[in-house]
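[1] predicted model and sequence follow; I will ask about them next.
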Amino acid sequence: MTRFAIRGLLSRKLRTALTALAIVLGVAMISGTYVLTDSIDQAFDRIFTDIRQGSNAV
């Protein structure tokens, strides 16, 4: 069974390489989205913390 799968992968090298590339790019884009979201969230927290420090609101 494994030999059949490997033979199928090796017979279509370009399709296998492009599929692997698509998976890698997809994972990288999702990870990048999480990093960007966290960075924006921290930036807004910092901005509003700085604004609140200068005022005395009840």
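    Here it is on my side, so go on.

[2] ranges for the strands of this structure?
    Remark: no strands are assigned in the chain by DSSP state E.

[3] ranking helices and strands of it by mean pLDDT, which lands last?
    Considering only helices and strands, the least confidently modelled element of the chain by mean pLDDT, DSSP states H and E is helix 2-11, at a mean of 88.

[4] mind listing what's buried in it?
    The neighbour-count criterion (16 or more other Cβ atoms under 10 Å) identifies no buried residues in helix 2-11. To be clear about C-beta, it is placed using only N, CA and C from the backbone, and glycine gets the same treatment.

[5] show me what it is in contact with.
    Contact with helix 2-11 is made by residue 16, as judged by Cβ atoms under 8 Å, 6 or more residues apart in numbering.

[6] for it, C-alpha coordinates in PDB please.
    Coordinates of the C-alpha atoms in helix 2-11 are reproduced here as PDB (Å, rounded to 0.1, in the frame of the first residue of the first chain):
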ATOM      1  CA  THR A   2       2.800   2.400   0.900                       C
ATOM      2  CA  ARG A   3       4.700   1.500  -2.200                       C
ATOM      3  CA  PHE A   4       1.700   2.300  -4.300                       C
ATOM      4  CA  ALA A   5       1.300   5.700  -2.700                       C
ATOM      5  CA  ILE A   6       5.000   6.600  -3.200                       C
ATOM      6  CA  ARG A   7       4.900   5.400  -6.800                       C
ATOM      7  CA  GLY A   8       1.900   7.700  -7.400                       C
ATOM      8  CA  LEU A   9       3.600  10.700  -5.800                       C
ATOM      9  CA  LEU A  10       6.800  10.200  -7.800                       C
ATOM     10  CA  SER A  11       4.900   9.700 -11.100                       C
END
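
[7] fine, thanks again, bye for now.
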